[in-house]
Structure formats: structure tokens, C-alpha cells
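# Sequence plus the predicted model coming up.
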Amino acid sequence: MAVGGWSSSVILLIALRPPFWYVGLVIAIVMLVIRASQLKKLWAFRMSLAVTRGRTIPIAKLLEKSKTMRAKRQSLYLGRGFVWGQKHAEIAEQISNRNIEDLPDVPDFVKAAAEEVDATPIEERSLRLTAMGLALDGLLPKNTKPITDDAIGLPWIHGVGTEGDQDIALPLGSLTGHTLICGTTRAGKTRMYESITTQIIHTGSALIVIDPKKDNDWVNRLRKECARAGRTFLYFDAAKPNESIRINPLANFNSVSEVATRIGQLVDADGSFAAFAWKTLVRVQRGLVASGEKPNIKNTKYYVQMGVEGLAEKVITRFMVDKFGPEWDRDIGNQPGGKGVLTRLEQIVVLYLKSGQSDDTVEGLIAMIRHSKEHYSKMIQVLEPILEMLGSDEIGELLAPDPSNLKDTRPIYDVRRIIDEKAVLYVGLDSLSNKIIASAIGSILLADLASTMGSIYNFSNRADAYLFVDEGAEIANDQLIQLLNKSGGGGMKIFLAVQAIADLVVRFKSKDKAEQMLANMNNLIALRVRSFETAKYISDVFGDVKTRSLETSFSTGSESSSSFTEFRSNVSKSLKREKTALVPPTLLMKLPPLHFFAFLSGRSFYKGAIEFIED
């Protein structure tokens, strides 16, 4: 209305030319320019609240932008957005208190034009549609379209950033503090992972991806980018063993007890059962090493289930030969077994005990031989299921590779080799088909990685490696907590994605352990969440600010003794400052897909949107 009024004044002054009209004309033009600029800002703000962001980015542009950001800012590219602060929290609170019908909408002719452009295939668009699209570019913010009835979330949350979008940087220096990504199903976690891992491949760093549910688009992206960058791509898929590499998760260890711990921590038991399972594993692993056999899940499974008699005979024989020479057993009679007749194993055990020698490995195996078979079978029941899952059939061939089998040409790797060669490994666990086995495979690979990073930290130079875990609650274990605690010193940067904090509590069966894991995540990226508890946790991390609210009160009145034309009125206004969450939980629960809030480097707050990769 003001722009229309001042425009009319300019026209009338020019047309009528009253005395000193040129002075009034200058004033009218100045006011018209001021009001027009205010109108432009108001239109931009109203339109930013009334549109949804639908950004895409060509792969070439993403790689170029990522390369520039690494060179100039030592950062990766996260998306487009703005710094979220007190002003935005204040505007969001005011909008949240409005009726939904009061929120601005784009004019109908703009919405109709946008729908017509979207509905027409690109190759069939005429000059008329092209011109219409150009007109829309002038009315709507870039990379936006009107909100449709099927839109998810509240697009206006991003619209409060009237200052415009900028590139959001993910500082490389902050990544050793690890990054937590929260988001419900279809909120955009995997697409964010896809964008970040694409950039990491082109940095030359080692990359390990553990994806329980398996996303084919992500796999194809990793494979394509490795080919583009000349990197080694390794694929492990529990559902497609013929296409997978083979990995021995027990290949690297600093002590034999580490191997037992990797398997033992998967046992679903406590107290004496868990202790007995670990003791059994340690004795078997010591025996394997002493016999010259490399530990793997298959031979561990065999000796736990079938007994260690054969292993014990081999180990005692090697020990006695080392101590007394090749003639040590010349007095042992080759008598057949039977009642009252000692077997060869029993005879060499007697010889060992008479020799006065002492060896923990040998004595541990002798204790297992002499243990009550009935009691042993009861106590070992908690261990057998996990060994059966990991050491049988095709899974057993993948996790316990046999180098001597020349018919199996699938490559054999271990975690240390993958990190040293700076390869890219994708692990698909197929949790949709078999959640239990998927969880076991993921957990033992994390245990192997924790041990490997401990060895690198203690004995080698820092590694340059990244670990991405999707649906982290499905495979989280104590070794993952150790990785988060200490792997930063070894050069490992971890990204962990979860849907809700409650998933971690259920996984660990302990809220304290879940909080222990969360305490190790220094960067936080939150997409749309559906759990209020999770939203409240994220909101608390972002902290509080002081927001202003204007209160207006009106009062009118009259006295019975006064004339009916006499009355009193009063208008009062007060500006109040109240403590409010910088990012309220309700906003986190209503974000559109691919939109996020981020808390980076312990100091910066962002509202952003992921750009979908086009290739």
C-alpha cells in the first residue's frame, strides 16, 4: 500500500506540477525507493516461508566445491544453510505460535506456473514454459518450489534464514572428535553419508563403511567414485558371498586374550557363564598359537564344540620335543585303548606332569580335557550359538578364509591391511534378512578394528582413516565405545548414525553406557527425529538463548454516572525476555527430509539442507 501511495504521488506530481512540485517529487521518489526496498525484503521473507527447498548438485560441482573447501578452509562440504542464532529462534517461536492459516503462501498464479513447469518433461518444454520458468526464478528463491499437500515437515523452518544460504563447512580438524548423526527413517542419513564419503574417497584416506541394512545407491556411488579416483574398492556382503572379499577378523592381535575378548564380548551372558566362555576361548586360542595354527573362527568353533584332545596332544608333543628332544616319548607304549589301558594322550599328559615343567598353555588344555564333560556342555551353551553363526556355511568361509584353498579365488583381507593400503571397504550386513547374524558380524568387525587401532596407536604412526556406521544401534558394543574413546589418537575419524537414543539404551541394556557413547561425540548433526527424548537430548546440546516477546493489552470502560459518550481506554505494551531453547524439540521433530541442524567443532550452530547428488 505504501509503494502504491508513493507511486501515485510521483505520477500526480509529474502530471499536475503544482508549485515547488520538484521538491515533492524528490521526496516522493526517495520514499518510493525506501518503501520498495522494504517491500522486496518483505516479499523475500514471505516467499522463503512459503516454499520448500529441493536442492540437487551435479557430481562434478560437488567434487570441485569439496576440493576448494579442503584447500582454502581445511573442510569438507556438508550442505547449504546459515548460522542459526538467537534471531532465528525468536522468529521460529513467533511463527510457531501463529495459526497455520495465517502463514503466508505463494500467489496462486505462481503455484500454478510451478506445477505446470514440473509436470512437463524437460525435453518437451517449449519456449513458453522456459519463459515461465525464468519468471518463477524472479518470484521464488533459487532452488525452491511451492509447498504441496504431500510435503513432509515444515519447510518454513529453513525460511527464517532471510540472510541467504552459504556453504556449510565440516572442519577436518574437528572430525577426530567423532560425529553423531540422528535421524528417523527416510530423513536423509544415508544421503548425507553418500555426500561425505564421496568427498573422502577423493582425499585418499582409508574408508570403512558398515551398513547393516545395505543401501544399493550408496554402494554404487562408492564403487563409481573409487573408479573415478583410481582407488581400491572392496565389497563384503553377507547376502552375496560369491561377490564378496574374505576378511579374517582374528588376523591381527597383540595378545591371545584379545582374540578371546573379540568373540567373548558377543556372548549374551553374564557372571560365571560369560567368564567360563572367555576362559575356554583363551585356552583354545593359546593352544592354536602354540601348535602353529593361525586362529580363526572356524578352528575355534571346531575345538570348542568337538573337544581339544587333538589340539592338546599336538601342543604337548611340541612342548616336550622342545624341552627333551625328539626321543622324549620312547617309553610310551602304543597300546590300544580300552578299560584300564591309557590312551596315548593320557600317557603324554602323565609324562608332562612328571617332567616338573610348567606351561600355562599346556596346563590350560589339560584342565579342559579333565573337566566334567556334562558340566562343560552346560557352561558352553552360551558360546556355541555365536560360533555357529560366524563359523558355519558361507559366512564361515568369509570370516575364516583358507589361503591354502586354491579353488577359492576371492581376495583375502584384514582390517590392518585395508588401513595401510588406504582402501575403501563397504560392509553390507543384510540385517533385514537375518538381524542376529548381521549384528554379530558387525560387532566382531568393530572389535577387530578397535584392536587394530590400539596397535597403530601404540606402535605405528597415526593412520588416516574414516569409519562410517549406519544404524549404529544394531552393532554397537563395548569395542565401539573403546574406538570412540581412543581411536582419535590413532587417526580414526568415526561417523555414527542412529534413529533414536532409546535404540542405544536397548542395545546396551544400560542408559549409562548409552550416555558414555554419546559423550564421545563432539559433532552433532540432527535430521528429523520422531522420539521426543532424542529431540530433547539434541535440544539440550544446542543450549538456550534469551528471546523477546511483545505483550500488548487493551482496556476500555465507562462509569454509570457519566454520559454515554464518555469512556476511558488504555493500551499498554511490554517487551519481555525469556529463556528459550535455541533449537526447540518441536522443530527437530518437524524438519523436512534432507534438512538438518548441526553443532560443529563445539562452537558453531547451523541450519542446513543436504544437496542430492546428480550424476
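Received, thanks. Residues are numbered from 1 along each chain as shown.

# What segments of the stretch 151-300 of the chain are helices?
156-159, 189-201, 216-229, 256-264, 271-290, 297-306 (DSSP state H, counting those that start in this stretch).

# among those helices, which is nearest residue 444?
Distance to residue 444, taken as CB to CB, is lowest for helix 256-264 among the helices of the stretch 151-300 of the chain, at 5.8 Å. Every C-beta, even on glycine, is put in place using the N, C-alpha and C of the backbone.

# For the closest one, C-alpha coordinates in PDB please.
Only the C-alpha atoms of helix 256-264 are listed here, as PDB (Å, rounded to 0.1, in the frame of the first residue of the first chain):
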ATOM      1  CA  VAL A 256      46.000 -64.000  22.600                       C
ATOM      2  CA  SER A 257      43.500 -62.700  25.200                       C
ATOM      3  CA  GLU A 258      42.400 -60.100  22.600                       C
ATOM      4  CA  VAL A 259      41.200 -62.800  20.300                       C
ATOM      5  CA  ALA A 260      39.100 -64.400  23.100                       C
ATOM      6  CA  THR A 261      37.700 -61.000  24.000                       C
ATOM      7  CA  ARG A 262      36.500 -60.300  20.500                       C
ATOM      8  CA  ILE A 263      34.400 -63.400  20.400                       C
ATOM      9  CA  GLY A 264      33.500 -63.400  24.100                       C
END
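
# For it, buried residues please.
By 16 or more other CB atoms under 10 Å, the buried positions in helix 256-264 come out as 256, 258, 259, 260, 261, 262, 263, 264.

# host element of the residue most central in space within the chain?
With distances taken as CA atoms, centre = their mean, residue 497 lies nearest the centre of the chain, 2.6 Å away. Using DSSP states H and E, residue 497 falls within strand 492-498.

# For the following helix or strand past that strand, list the C-alpha coordinates in CSV.
Next helix or strand after strand 492-498 toward the C-terminus (DSSP H and E): helix 501-508. What follows is helix 501-508, C-alpha atoms only, in CSV (Å, rounded to 0.1, in the frame of the first residue of the first chain):
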residue,chain,number,x,y,z
ILE,A,501,18.8,-42.5,21.8
ALA,A,502,16.5,-45.2,23.1
ASP,A,503,17.9,-47.6,20.4
LEU,A,504,21.3,-47.4,22.1
VAL,A,505,19.8,-47.9,25.6
VAL,A,506,18.0,-51.1,24.4
ARG,A,507,21.2,-52.3,22.7
PHE,A,508,23.4,-51.9,25.8
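
# Who are the packing partners of helix 501-508?
Packing contacts for helix 501-508, counted by 3 or more CB pairs under 8 Å, 6 or more residues apart in numbering; DSSP states H and E, involve helix 511-518, helix 532-542.

# Could you check the angle the last one makes with helix 501-508?
Computed with axes from the mean of the first three to the mean of the last three CA atoms, to 10 degrees, the direction of helix 532-542 lies at 110 degrees from that of helix 501-508.

# got the contact list for helix 532-542?
Here helix 532-542 makes contact (CB atoms under 8 Å, 6 or more residues apart in numbering) with 182, 500-502, 518, 524, 526, 529, 581-586, 588-589, 597, 599, 605.

# Now with 10 Å, please.
Here helix 532-542 makes contact (CB atoms under 10 Å, 6 or more residues apart in numbering) with 84, 89, 180, 182-184, 498-505, 515, 518, 521, 524-526, 528-529, 531, 581-590, 597-599, 605.

# just the buried members of those?
So, by 16+ other CB under 10 Å, the buried ones in the contacts of helix 532-542 are 84, 89, 180, 182-184, 498-501, 503-505, 518, 521, 524-526, 528-529, 531, 581-585, 587-590, 597-599, 605.

# among those, which are in strands?
Judged by DSSP state E, the buried ones among the contacts of helix 532-542 include 180, 182, 498, 524, 525, 526, 581, 597, 598, 599, 605 as members of strands.

# show me the contacts for the third one.
Under the criterion of CB under 10 Å, 6+ apart, the contact list for residue 498 reads 180-183, 189, 469-474, 476, 504, 507, 514, 517-518, 529, 534.

# Now name the helix or strand holding residue 576.
strand 568-581.

# which residues touch that strand?
By CB under 10 Å, 6+ apart, strand 568-581 touches 86, 89-90, 92-93, 536, 538-540, 542-559, 562, 587-588.

# Swap in 6 Å and give it another go.
539, 544, 546-557 (CB atoms under 6 Å, 6 or more residues apart in numbering).

# which of those sit farthest apart?
Farthest pair in these, by CB to CB: 539 and 557, 43.9 Å.

# With neighbour numbers in mind, choose between these two.
residue 539 (21 against 8; other CB atoms under 10 Å).

# tell me which helix or strand of the protein sits lowest on mean pLDDT?
Across the helices and strands of the chain, the lowest-confidence element by mean pLDDT, DSSP states H and E is helix 127-139, at a mean of 54.

# And the contacts of whichever helix or strand comes after it?
Once the chain leaves helix 127-139, the next helix or strand it forms, by DSSP H and E, is strand 144-146. Residues outside strand 144-146 that contact it (CB under 6 Å, 6+ apart) are 51, 53, 54, 106, 111, 114.

# Check these against residue 451 and report the nearest one.
residue 53 (43.8 Å).

# Residue 394: what's its closest spatial neighbour, skipping adjacent residues?
Sequence neighbours aside, residue 241 is the residue nearest to residue 394 in space, at 4.2 Å (criterion: CB to CB, 6 or more residues apart in numbering).

# And the one you found, how far from residue 417?
20 Å (CB to CB, to the nearest Å).

# now swap in residue 436 and tell me
For residue 436 relative to residue 417 (CB to CB), the value is 28 Å.

# which of those two has more neighbours?
More neighbours surround residue 417 than the other of residue 436 and residue 417, with 14 against 11 (other CB under 10 Å).

# Just name the closest of the buried residues of helix 256-264 to residue 161, please.
Nearest member of these to residue 161, counting by CB to CB, is residue 262, at 47.4 Å.

# Tell me which residues touch that closest one, please.
Contacts of residue 262 by CB under 6 Å, 6+ apart are 444, 447.

# Lovely, talk soon.
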